[in-house]
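Enquirer: here is the input, now give the coordinates:
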Amino acid sequence: MLRYAIIFLIIAIIAAVLGFSGVAGAAGSIAYILAIIFVILFVASLIFGRRAGL
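Expert: Numbers count the residues shown, from 1 in each chain. Sure, this is the predicted structure:
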């Protein structure tokens, strides 16, 4: 999931440089949402992973 967030971030940067503001905004929003989901799942796996080991 983090890979997809990075891919969409790169697409947003390239689109912004080329002047496609609508595409850049959409790709940036998708990258932000995927990054947040990644962080939430990462923290949840740390919490529940430790609980399973006890």
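
Enquirer: could you use CA atoms for every contact and neighbour count after this?
Expert: Fine.

Enquirer: list the contacts for G25?
Expert: Contacts for G25 (C-alpha atoms under 8 Å, 6 or more residues apart in numbering) come out as A12.

Enquirer: cool, I30 as well?
Expert: Neighbours of I30 in contact, by C-alpha under 8 Å, 6+ apart: A5, F8.

Enquirer: where in the chain is pLDDT low?
Expert: In the prediction, the chain carries residues with pLDDT under 70 at positions 51-54.

Enquirer: how about 90 then?
Expert: Confidence mapping of the chain against pLDDT under 90 gives the ranges 1-9, 11-12, 16, 18-25, 27-28, 46-54.

Enquirer: buried residues in the host helix or strand of F38?
Expert: Under the criterion of DSSP states H and E, F38 resides in helix 21-53. Applying a neighbour-count criterion of 16 or more other C-alpha atoms under 10 Å, one finds V23, A24, G25, A27, G28, S29, I30, A31, Y32, L34, A35, F38 buried in helix 21-53.

Enquirer: give me the residue at the spatial middle of the protein.
Expert: By C-alpha atoms, centre = their mean, the chain has its centre lying nearest to A35, at 2.5 Å.
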